[in-house]
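Visitor: Fold the following.
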Amino acid sequence: MKLTKKLSIGILSVALTFQSCGDYFDVGNNPNLVTEPSLNSLLASVTHRTGMNAYRYGSAVANYVQYIASPTQGSATDTYDITDLSTSWSQAYYGMSDAYDMTILAEEAGADLHLGVGKLLIAYQLSLVLDTWGSAPYTEAFSKAETFTPAYDSPEQLYATIGQLIDEAIVALGSTDATVALDEDLDVIHGGDVQAWIRTAYGLKARHLNKITKKASYDPEAVLAALDNSYASADDDMKMGLFTGNNPWAGIAISNLGGLLGGWLSSNWIDHLNGEKYGVVDPRISRITDPTVNNDYVGTPNGGGNQGPLANTIHDENYISTNSPITTETAPIYIMTYAELKFVEAEAALRAGQTARAYDAYLEGIQASMDILGVPAAEATAYIEEPSVGVGAGNLTLDLIFKEKYVVTYLNYEAWNDARRYDYGYKDFEMPQGAVLSNFIRRVAIPNTEIVSNRANIPEQEPLDTPLWWDQP
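Guide: Numbers count the residues shown, from 1 in each chain. Next up, the predicted model:
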């Protein structure tokens, strides 16, 4: 989606809009701020912030799930040392605050569609916070009572709140009495398509329900029921359109080409695709990255830094490519895709004992991924028919589902949720070199911005390799 002039003005007009949910989000009394933005101007800000947070959080954990590796040996992002994600924390709350403002205005105006989008995007961004830190302020942060220091909700509370917000969003989006239409230009995710929003809501619900596979309360049938109302094809994908030339992943690749090194692909990730681990070359590798100067595919070991000479300025290791359909300068930011949801379906169906449905979804998920990346039909078919991939319904395993889903969720935050649920069980997935933890990382340290401003309410912090609530029985 290429953003229009109308859209750019809409976003800019509310980029620093007022925060109505208390002093926790206070940005000061600037007389130049727009204090009464229209619903559709807020829609522009809310959808844009959500897309950027999808990128921001995906980028923050890309090293943990070993899509990306630092070019510098012993980098904190690779070795599980404490890093400060204050910007990510703040941006998620600003995104939720805009969405909250939109829901308040929407309720007053009877604008049910904006109410539904607002609740849904609060739920999505709250899930990013929950899945990164485990607990966070919500109830007191989003109330009419002003507070500088909101209490933290428990993980169980946050999980329940997310589910409730999604269900409320589905009801609101199904309204036939909405007073204001979604502006197709100012909605940068679904272009004002209400049915697309409803399908996305059910997709996010399926994701949410499938996250608790380690809990006794996990219900694969409920996951499948949500999926029945979700995406029918890649046309439904939840993705944010960008101004031409502004894809942030492409920006990293362009900087790399200019000598500002970043975006190097992990040796674990490259070996997952190049035949090293599985004995089969995945054709998607040539649509994800470019061959090195040696015409091969070589990754950078996490914690080990670039291995090539001259600080690898000759590019004999792989990095993010501007030639890939998902990281070009004009590519959208993918938040949730049909391909991903087919693997949610495959997993839930397999756990429910529905092997035929699970296998069909598994194969369709692979094909949908090939389609996104523009893999020629013959190459895609050859890979899918490879005996180690096209194993037949009776031989499908969770290992195969997670293996293929890892490819589908490249650079998406959801990959870290899967890695933790799967206990990092991917083939030959090793701890980074020089890791400061004894086990794989499971959570992130509370950011400095909270330590400074809300220290008294911060729960006792667990070691970073301690599983989150949903990541344990």
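
Visitor: Model confidence for Pro31, exactly?
Guide: Pro31 carries a pLDDT value of 40.

Visitor: do the same with Ser13
Guide: pLDDT recorded at Ser13 is 40.

Visitor: cool, and the one 5 residues further on?
Guide: For Phe18, the model assigns a pLDDT of 36.

Visitor: Check Lys5 too.
Guide: Note on Lys5: pLDDT of 31.

Visitor: Likewise for Gly51?
Guide: Per-residue pLDDT puts Gly51 at 97.

Visitor: Skipping adjacent residues, who's closest to it in space?
Guide: Excluding its sequence neighbours, the residue lying closest to Gly51 (C-beta to C-beta, 6 or more residues apart in numbering) is Met240, at 2.6 Å. Glycine gets a C-beta too; all of them are placed from N, C-alpha and C.

Visitor: Phi and psi next, for the one you found.
Guide: Main-chain dihedrals, Met240, degrees, to the nearest 10: phi -110, psi 120.

Visitor: again with Ser127
Guide: Per degrees, to the nearest 10, the backbone of Ser127 is at phi -70, psi -30.

Visitor: again, but for Asp131
Guide: Backbone torsions for Asp131, taken as degrees, to the nearest 10, come to phi -70, psi -20.

Visitor: Count residues in the vicinity of it, would you?
Guide: Asp131 is flanked by 25 other residues according to other C-beta atoms under 10 Å.

Visitor: mind checking how far it is from Asn417?
Guide: Separation of Asp131 from Asn417 (C-beta to C-beta, to the nearest Å): 6 Å.

Visitor: list residues touching both of those two?
Guide: Common contacts of Asp131 and Asn417 (C-beta atoms under 8 Å, 6 or more residues apart in numbering): Lys211.

Visitor: one step back: read off the pLDDT value for the residue nearest to Gly51.
Guide: 95.

Visitor: next one: Ala339
Guide: As predicted, Ala339 sits at a pLDDT of 98.

Visitor: residues in contact with it?
Guide: Applying C-beta under 8 Å, 6+ apart, we find Ala339 in contact with 234, 365, 368-369, 372, 408.

Visitor: Start and end of stretch 260-269, how far apart?
Guide: 22 Å (C-alpha to C-alpha, to the nearest Å).

Visitor: Let me see the contact set for the spatially most central residue of the chain.
Guide: Closest to where the C-alpha atoms of the chain average out (C-alpha atoms, centre = their mean) is Tyr413, at 3.4 Å. By C-beta under 8 Å, 6+ apart, the residues touching Tyr413 are 54, 57-58, 60-61, 128, 131.

Visitor: need these in CSV with distance to Ile320, pLDDT and secondary structure, can you?
Guide: Output for the contacts of Tyr413, formatted as CSV (distance: C-beta to C-beta, whole Å; pLDDT from 0 to 100; DSSP: H, G, I helix; E, B strand; the rest coil):
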residue, distance to Ile320, pLDDT, secondary structure
Ala54, 16, 98, helix
Tyr57, 17, 98, helix
Gly58, 12, 98, helix
Ala60, 15, 97, helix
Val61, 15, 98, helix
Leu128, 21, 98, helix
Asp131, 23, 98, helix
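
Visitor: All set now, cheers.
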